[in-house]
Structure formats: C-alpha cells, structure tokens
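Participant: Sequence plus the predicted model coming up.
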Protein chains: 2
Amino acid sequence: MTIPEDDRGLLLGDGLFETILWTQGRPALFEAHVERMTRGCAALGLPAPATDALLTAALRVMTDAGLQDRRAAVRLTWSAGSGGRGLDRPAEPSPRLIASAAPSEIPTMPARLVTASVRRNEGSPTSRLKTLAYLDNVLARREARQAGADEALMLNNLGEVACATAANLFWFEGERLVTPALACGTLDGIMRAQVLEAARGLGIETIEARVGPGVVGRGAGLFVTNSLIGVRPVGWLDGEAVAEHAGVARLSRAVSAISSSTG
Amino acid sequence: MTIPEDDRGLLLGDGLFETILWTQGRPALFEAHVERMTRGCAALGLPAPATDALLTAALRVMTDAGLQDRRAAVRLTWSAGSGGRGLDRPAEPSPRLIASAAPSEIPTMPARLVTASVRRNEGSPTSRLKTLAYLDNVLARREARQAGADEALMLNNLGEVACATAANLFWFEGERLVTPALACGTLDGIMRAQVLEAARGLGIETIEARVGPGVVGRGAGLFVTNSLIGVRPVGWLDGEAVAEHAGVARLSRAVSAISSSTG
C-alpha cells in the first residue's frame, strides 16, 4: 500500500498513532486506545476517526498478514491527510487511516536502560501524545542501542525523569509505586494507566512524581511498560544493576489479567 | 506520486527537508541548502543525499509543474526510508528523496505575530534542524491563525525566545542587530546566516542572544526571515505595534542582492 507524497503525516509529522496488542484473537484494550486517539485528535485540532473504521482496519491487516491466531502488534496511523505547501492545514482536513500488523514476542530478558542526551519537550502537548513526530524518540533509542542497551530513559528540559522512548517507567520507593507525572513530558501510556489502576486494586500506594534521575537509581524494582510488553523489569540503568522488588511480579500478573479479560 | 506506507518519515518523522527559493531560473543558495541537509543527516545518523540527486529532483519537479520561469518554492524531503515495526532503524537505512514545487509570492504586508503556548525543545538537536517531525510548529502556527495572526513567536522551555514556526527572528537594540542563539532551540536558518553575514558587511554589530520575550517587545524593527520571503518586517507582536527601524530595509536590500547573485 502507498500514500500520496503530499501527506502531512509524511511532510510534517502531523498526525497520531496507536500500537495495539493483538492477543487471543482480538485487540486488547481497544476502547482505551480509541479513547486516547480521540483525545489526541482534540488536542491537535483534527477530526477523530470512527471507532468502526479503526476496528475494521485492524481486522483487515491482521487477516491480510495471516496473524489472527498469533500474538501481534497492530499499528493504526491517523495522518492529517493531504495538504498544500507549508504548515497551515487545509480548511477542512481529510485525515488518512493507515494500518499495519507484525508479530510481537514478549521479551524474556530484563531491559537494559541508558539515560539519553536528547530531552523531552515538556512544554508541548505532543510530548504526552503518540504523534507522527517521533524523531526525538528515534534519536534517544539510537543512543541507547549505541551504548549496548535496549531502551533509553528520557529526561525533560528541567532534568526531570519523563519516560522511555517507547515505554513508561515505574519503580518502588519502599512499598510505594512511583511513576513520572504527565506534566514532565511523559507519554500518556495505556499500560501506564493500567498499572496505576492495578496497583490501587492491590492496595499499593501510587505517586505520580516530578523527580530527577538520581531518585530512580535509589529506588528498587524499576520496570518499563507499554501495550505490547505489559510489564518488563529493568536489569540495569546506566550500567548499574537495579535492585529487585517483589511488587513487580505482582503488578505484572495483575495487568496480564486485565489485558486478557477486556476487549 | 506515492510512497510506501512503511516509510519512516511518515510513521515517525524520521527525516529532513529543505525549502528552497527558485528564482531567475535556478535554485537560490543551493549549496547552503545541501550543506545544511548534509549536516542534518550527520546529526540524525542518516546517509546524506548526493548533491546531483537533489539538483536533478529540483529541476524535474520545477519542469513538471511548469514553474521554471516563475518565483517558486521547491521542497526536497529526505526520509529515512522504509523500515520494520518500531523505533529502531534498519541496519542500513535506504533513504527516500521526495520533491515538490509550488508558486511562491512575496508577502506585501508586514507579518502579525503572536507568542504561542507550544514551546521549542532546546534539549534536542532536532529543534535546530528542518526535520519531518514538525508537529510543534504546526500547532504553534495554528494558535497564531486562531488569534488572527500570520506567524507565531516560539519560546523554549526556559522562556527564552527561539524563532517563529517557519522563520527566524531579528530585531534592533539601538543600532545593534539581535537574533536568538541557536542554543535556544532555534532553527539554523539559511536566511538567518545570510542576514548575519549581510549585517557584518554593512558594519552592523550583531548579537546572538539568549533573552526572554520582554526584550523583543522593547526592541525596534522586528522582522522574520526565511529562504522564501527573505526579510519580512513584523507589524505587530501580541497586539502591540512594532517600532520601525531604518536598518530593516538596508538588510532586506543586502540579502536580496546576495540571493540573486549566488546559485
């Protein structure tokens, strides 16, 4: 499949996407993904896609790829559509829906993180959205790979911890679960919300915090989350081993149960 | 023309572009544009395009559009090319060159600016490059249009003045010419460099400064620059009229002379 060269997603990063886990023959947490994309469209000033169109596109690419019975990642891309020269959108944007699917395995090893030099832009709403302008994440991930790591921990311009390039971050301070506040330029992750909800269900106190990187290193049980991997423990951060915490396995089981019980 | 749906420029904003003025039957300041794109590729870790390929593409789209004898804008887009799922690039990226052309008129009225709420990310190298991840600029421009203005003045996360969404900013303090330093998250504009060079040639003292928005309002002769418009005076900023300064017209003439004398 191809798209026109005047697509604003291509030319300007003008659009959004969702990456959805396909498991047990259906998209997991589908309503939450649709709801996030709808909120993102409101933030960008774009018309939102119809839920039916998203579901139809997801089913079609899974079928075309022959992945219906596999564990897979479905990506739904909502570009602002074709436009003329320059930054201004057409008076009535006609967004374009693009879907793709690929097999997705659960990583078996703990993640290795390094802190990237590229910062997140806490002063833009786009830092909290899954937008087509993801180049800073690409560059931070590249730094991580070059340092022999899997993922990058990203700070904002104040030096506060925000998130990873394709995941949110959590750790324990004692028995309290900590994650960076959205105001830090943190992606508003679907799995982040699931973990916070699961923690509360387990009676674990949760804190959404604005803290520097030193605080993360002093904590235990650092883990990353996203819709595809659920909860993944971090083995080391910037070359230092991360202390284990029994709460991580409990949360991992709890969110697995949520993802597999809701459509 | 179309591109594949797995293009990383589309999916992630992974790539760069140049917008080049076509005038007097040729691309203006072509070598400077090629040099900037080459530096940008080095910053992103992408292979750079061959100069011949860029020139051939520019000539082709101008001919196809029948604009050879017109004043026009040529956009050259250098996407990271096709890739698999996720943020990591293929081991050997194969970038994709996309070109387009459109007529370009010189605006006759002074620009009207408002200060946008969306900030620039001074903590990323991408804030100084013309990347395909331009969504923050799109949103800032949208704010400006909604406020009845043509362009937005963008601050960084420290509250320093950086640039406009598709232009650089200059103003006078007394007889000294001021422009925001690149470290503010300022686009490294071709016309910005031309104006600084022209000013020095005219014996005008220049300062690349890190300053808050209040300093701009106290100055005179605020103007915006880019490759297509050259020097354009600003009539008002946030509803306040900008004081005139005789230096603006002198600089405008000087850069017009440069652009039309170099290929």
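Facilitator: Looks like it came in fine.
Participant: Can you show me the helices along the stretch 101-250 of chain A?
Facilitator: Here the stretch 101-250 of chain A has its helices, by DSSP state H, counting those that start in this stretch, at A:135-146, A:190-201, A:213-218, A:247-261.
Participant: Deepest in the core, which of the ones you listed is it.
Facilitator: helix A:135-146 (a mean of 22; mean count of other CB atoms under 10 Å in any protein chain shown). To be clear about C-beta, it is placed using only N, CA and C from the backbone, and glycine gets the same treatment.
Participant: tell me what that one is packed against?
Facilitator: strand A:111-115, strand A:151-155, helix B:8-12 (3 or more CB pairs under 8 Å, 6 or more residues apart in numbering or on different chains; DSSP states H and E).
Participant: How about the contacts made by A:G201?
Facilitator: A:A254 (CB atoms under 8 Å, 6 or more residues apart in numbering or on different chains).
Participant: Tell me the pLDDT of it.
Facilitator: At A:G201, the model reports a pLDDT of 96.
Participant: List of residues touching stretch A:149-156?
Facilitator: A:107, A:111-116, A:118-122, A:127, A:136-137, A:140-141, A:143-144, A:161-167, A:169, A:184-185, A:212-213, A:216, A:224, A:237-238, B:123, B:157.
Participant: same thing but at 7 Å, please
Facilitator: Residues outside stretch A:149-156 that contact it (CB atoms under 7 Å, 6 or more residues apart in numbering or on different chains) are A:111-116, A:118-120, A:122, A:140-141, A:143-144, A:161-165, A:167, A:169, A:184-185, A:213, A:224, A:237.
Participant: Next: stretch A:167-178.
Facilitator: Counting by CB under 7 Å, 6+ apart, A:151, A:153, A:161, A:163, A:179-180, A:186-187, A:189, A:191-192, A:195, A:199, A:204-207, A:209, A:216, A:219-226, A:245, A:247 sit against stretch A:167-178.
Participant: let's see it at 8 Å
Facilitator: A:151, A:153, A:161, A:163, A:179-180, A:186-187, A:189, A:191-192, A:195-196, A:199, A:204-207, A:209, A:211, A:215-216, A:218-226, A:229, A:232, A:245, A:247-248, A:251.
Participant: Buried ones from those residues, can you make that a ChimeraX selection?
Facilitator: The buried subset of those, as determined by 16 or more other CB atoms under 10 Å in any protein chain shown, is captured in ChimeraX by this line:
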select /A:151,153,161,163,179,180,186,187,189,191,192,195,196,199,204,206,209,211,215,216,219,221,222,223,224,225,226,229,232,245,247,248,251
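Participant: closest point of the stretch 151-263 of chain A to chain B, which residue?
Facilitator: Going by CB to the nearest CB, chain B is nearest to A:N157 of the stretch 151-263 of chain A, at 4.0 Å.
Participant: what residues are up against that residue?
Facilitator: Contacts of A:N157 (CB under 8 Å, 6+ apart): A:R119, A:R120, A:N121, A:E122, A:G123, B:N121, B:E122, B:G123, B:N156, B:N157, B:L158.
Participant: if you set the cut-off to 7 Å instead, what comes out?
Facilitator: Taking CB under 7 Å, 6+ apart, one finds A:R119, A:E122, B:E122, B:G123, B:N157 in contact with A:N157.
Participant: Pull up the gap between it and B:A80, please.
Facilitator: 25 Å (CB to CB, to the nearest Å).
Participant: what about chain A, any weak spots by pLDDT?
Facilitator: Counting by pLDDT under 70, chain A shows low-confidence ranges at A:259-263.
Participant: Is stretch A:205-212 positioned near chain B?
Facilitator: No. Stretch A:205-212 stays clear of chain B (CB under 7 Å from any CB of the partner chain), getting no nearer than 13.7 Å.
Participant: Return the distance of that stretch from the chain's centre.
Facilitator: 18 Å (CA atoms, centre = their mean, to the nearest Å).
Participant: Strands along chain A, start to end?
Facilitator: A:2-4, A:15-23, A:26-27, A:72-79, A:96-103, A:111-115, A:151-155, A:161-164, A:168-173, A:176-180, A:206-209, A:220-226, A:230-237, A:240-241 (DSSP state E).
Participant: Identify whichever of the ones you listed lies nearest to B:G40.
Facilitator: Of all these, strand A:151-155 sits nearest to B:G40, with 20.8 Å by CB to CB.
Participant: partners of the closest one, with directions?
Facilitator: strand A:111-115 (parallel), strand A:161-164 (antiparallel) (DSSP bridges).
Participant: any idea which of the ones you listed is most buried?
Facilitator: Taking mean count of other CB under 10 Å, strand A:161-164 is the most buried of those, at a mean of 28.
Participant: Contacts for that one next, please.
Facilitator: Here strand A:161-164 has contacts from A:113, A:120, A:151-156, A:169, A:180, A:184-187, A:211-213, A:216, A:224, using CB under 7 Å, 6+ apart.
Participant: Check stretch A:86-97 too.
Facilitator: A:3, A:7, A:12, A:46-47, A:49, A:53, A:57, A:76, A:78-81, A:83-84, B:137-138, B:141, B:145, B:165-166.
Participant: Only the buried subset of those, as a PyMOL command please.
Facilitator: Buried residues within these, by 16+ other CB under 10 Å, are selected in PyMOL with:
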select buried, (chain A and resi 3+7+12+46+49+57+76+78+79+80+81+83) or (chain B and resi 137+138+141+165+166)
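Participant: so which of the strands of chain A comes closest to B:W22?
Facilitator: Short answer: strand A:2-4, nearest of the strands of chain A by CB to CB, at 22.3 Å.
Participant: touching chain B at all, that closest one?
Facilitator: Yes. Using CB under 7 Å from any CB, strand A:2-4 reaches chain B at A:T2, A:I3, A:P4.
Participant: Going by distance to chain B, which of those residues wins?
Facilitator: Nearest member of these to chain B, counting by CB to the nearest CB, is A:T2, at 3.7 Å.
Participant: Tell me how many other residues crowd the residue lying closest to the closest one once chain neighbours are set aside.
Facilitator: Of all residues beyond its chain neighbours, the one nearest A:T2 is B:T2 (3.7 Å), with distances taken as CB to CB, 6 or more residues apart in numbering or on different chains. Residues lying near B:T2 (other CB atoms under 10 Å in any protein chain shown) number 11.
Participant: The one 4 residues further on now?
Facilitator: Residues lying near B:D6 (other CB under 10 Å) number 16.
Participant: is the residue lying closest to it once chain neighbours are set aside in a bridge, and if so with what?
Facilitator: Distances taken as CB to CB, 6+ apart put B:S82 closest to B:D6, at 4.6 Å, once the chain neighbours are dropped. Note on B:S82: beta-bridge partners by DSSP bridges are B:D7.
Participant: wait, B:S82 sits on B:G9?
Facilitator: No. Contact criterion CB atoms under 7 Å: B:S82 and B:G9 do not qualify, at 9.7 Å.
Participant: More neighbours: the two, which one.
Facilitator: Higher neighbour count among B:S82 and B:G9: B:G9, with 30 against 19, using other CB under 10 Å.
Participant: ok, for the more buried one, nearest residue in space, not its chain neighbours?
Facilitator: B:G9's closest residue in space is B:S79 (CB to CB, 6+ apart), at 2.9 Å.
Participant: dump the residue contacts of that neighbour.
Facilitator: B:D7, B:R8, B:G9, B:D14, B:G15, B:P95, B:R96, B:I98, B:L132.
Participant: buried residues in stretch A:91-103?
Facilitator: Buried-residue list, stretch A:91-103, by 16+ other CB under 10 Å: A:P93, A:P95, A:R96, A:L97, A:I98, A:A99, A:S100, A:A101, A:A102.
Participant: which residue sits closest to the residue of the stretch 151-263 of chain A closest to chain B, ignoring its sequence neighbours?
Facilitator: B:N157 (4.0 Å).
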